[in-house]
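J.: Below is the sequence, then the predicted model.
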Amino acid sequence: MKILTRTIEYIKIHPFPVAVFLTALALRIIYLLLMFGYFHSDAVLNLFPDSQVYLRAARFILGVNVAADEDILMVGPGYPLYLAAFFKIFGYNAWPILIVQIIASGFASVFLYNISMILMENKKISLIAGMLSAVSLTSISLSVSIMTETLFFFMTLLAIYIFLKGLKINRWSYFIVTGVCIGAASLIRSVGIFFPVVIIVIALIHTIGLPGAEKKAVLIRSLAAALIIITVALSWSVRNLAKHDIFTVSETGVLAARNYLCARVTHRAGSDLKLVEIRDAMAEPRIIDGREETLSQRHDHAVTTIIDTFKEHPGIFITTFIYNAWENIGFQSTIHTLQLPRFWREAKIYSRLTSSEGKSYLVFYLTLLGFLFLLYDKRVRPALILASIYLYFAFLSGFTFWQGSRIFFPGQIAWTILVGITLYNAAIGMNKIWLHFVKKAR
């Protein structure tokens, strides 16, 4: 009875975050049930090529697939450990894994609401931001996929929320938890390993105008959080160095840069081969002294290829990198076409309405407007903080392509809030116009 009473009281005090969470949860459960109405559990587990890599790595951790050490080198240990834990407890079943991801995705939308509240102190803008995440088709479809994005998104949002609270309270515990969370997120997706830069940038933005002693305390704690992130991430890199002679969290990043970015640079530089042919040729294992290249040799070759490609075509390299980032910002989700094949007609109608050739830049322009609204209102701190997060994930998306909206998905941390600001201001403007006409009519 006490639990029910407390729950009712909490809902009354915090109706908006509860509404965000329940909306997110309901949509994801419906989507999950529709997907399982077509696929059985084993098919869901193996629906995507990337999923199969994670599954092999999980089996390696469980000692079932001893030949999959290369897979865990490719993707890092975070998500395979998550899968292995569920397989150990519940058996080879997709349901428990996806249910936890659905709940995590729902809480991620709530964290977005809370981050917006810290930065904007506006419940309506925060509600819009949280709801945009809750109803995002990309977020929904990824939450019911055997892929890393949902857990990485959840951990990163949790860390940013704790970090922003820590900046206000200035307690060591908040900064330590931030470091651990982002460090763990980096083991799930290696794109998090450079996030210490964003942490320091946000701290510097926050300390503008603060007294010297307070500024120093915040920067020291933020630096400590950054060092924890690096320590957690590099712990796995040390393992890879000892075992494979490769100092990296995962090979995904460097191989993607070689196979995709360098392939596109070579293609745009005037190669007669098709882009796919160049990519496949770069990804093809080389034969050295009559044997297939070792993992260490593959890594060294990838790094050398990236450096040499840049040296040979620096201008094309930079413009291609920017083009990739721009392309990824606009890509629309396509995962639902595989998860819900019985709704292919509806999916086709949705794609035609929301994008052109799979891309739409409406959200980008609304994001840009939100940033300009903040600058116009002289809200420089939140504007720069959100811009730093947005640009971080936009920059990293320049290294690869052909993955739909997955690459730039974490950018949702920033764009939902900025779009929320735009929609909020648009609603205020429409209301003023309406009242003007009403007054004239009277």
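T.: Arrived safely, thanks for sending.
J.: Can you list the residue ranges for helices in the stretch 301-442 of the chain?
T.: Using DSSP state H, counting those that start in this stretch, the helices of the stretch 301-442 of the chain run over 314-330, 336-339, 344-354, 362-376, 380-396, 412-441.
J.: and of those, who's closest to residue 234?
T.: Closest to residue 234 of the helices of the stretch 301-442 of the chain, according to CB to CB: helix 380-396, at 18.2 Å. C-beta coordinates here come from the backbone N, C-alpha and C atoms, glycine included.
J.: quick one, which of the helices of the stretch 301-442 of the chain is nearest to residue 284?
T.: Closest of these to residue 284 is helix 314-330, at 21.3 Å (criterion: CB to CB).
J.: Format the CA atom coordinates belonging to stretch 363-370 as CSV.
T.: Taking C-alpha atoms only, stretch 363-370 is exported to CSV below (Å, rounded to 0.1, in the frame of the first residue of the first chain):
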residue,chain,number,x,y,z
VAL,A,363,15.8,17.7,-38.1
PHE,A,364,19.2,19.3,-38.8
TYR,A,365,17.7,22.7,-39.8
LEU,A,366,15.3,22.6,-36.8
THR,A,367,18.4,21.8,-34.6
LEU,A,368,20.3,24.8,-36.1
LEU,A,369,17.3,27.0,-35.4
GLY,A,370,17.2,25.9,-31.8
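J.: For that stretch, which residues meet the burial criterion?
T.: Residues 363-364, 366-370 are the ones in stretch 363-370 that count as buried (16 or more other CB atoms under 10 Å).
J.: quick one: contacts for residue 65?
T.: The contact partners of residue 65, by CB atoms under 8 Å, 6 or more residues apart in numbering, come to 56, 59.
J.: Wasn't it part of a strand?
T.: No - counting by DSSP: H, G, I helix; E, B strand; the rest coil, one finds residue 65 to be coil, located in no strand.
J.: quick one on the thing from earlier: Throw the helices of the stretch 301-442 of the chain into TSV and include distance to residue 127, thanks.
T.: TSV is the format used below for the helices of the stretch 301-442 of the chain (distance: least, CB to CB, whole Å):
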stretch	distance to residue 127
helix 314-330	25
helix 336-339	25
helix 344-354	22
helix 362-376	15
helix 380-396	17
helix 412-441	8
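J.: Pull out the buried residues from stretch 57-75.
T.: Under 16+ other CB under 10 Å, the buried positions of stretch 57-75 are 57-61, 68, 71-75.
J.: Let me see the ranges of the strands in the stretch 201-350 of the chain.
T.: Remark: strands assigned in the stretch 201-350 of the chain by DSSP state E, counting those that start in this stretch are 287-288, 291-292.
J.: Between the ones you listed, which one is closest to residue 337.
T.: Taking these one by one with CB to CB, strand 291-292 is closest: 35.4 Å.
J.: strand partners of the closest one, parallel vs antiparallel please.
T.: Strand partners for strand 291-292, identified by DSSP bridges, are recorded as strand 287-288 (antiparallel).
J.: The helices of the stretch 301-442 of the chain: lowest mean pLDDT?
T.: Lowest mean pLDDT of the helices of the stretch 301-442 of the chain: helix 344-354, a mean of 75.
J.: list the helices and strands it packs on?
T.: Here helix 344-354 touches helix 336-339, going by 3 or more CB pairs under 8 Å, 6 or more residues apart in numbering; DSSP states H and E.
J.: The helix it packs on: which residues count as buried?
T.: For helix 336-339, by 16+ other CB under 10 Å, it's 336-337, 339.
J.: tell me what it is packed against?
T.: helix 137-143, helix 344-354.
J.: Work out the gap between that helix and the centre of the chain.
T.: Centroid displacement of helix 336-339 relative to its chain, using CA atoms, centre = their mean, to the nearest Å, is 20 Å.
J.: can you redo the strands of the stretch 201-350 of the chain as CSV with mean pLDDT, mean neighbour count and distance to residue 248?
T.: Converted to CSV, the strands of the stretch 201-350 of the chain look like this (pLDDT from 0 to 100; neighbours: other CB atoms under 10 Å; distance: least, CB to CB, whole Å):
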stretch, mean pLDDT, mean neighbour count, distance to residue 248
strand 287-288, 89, 10, 20
strand 291-292, 90, 10, 20
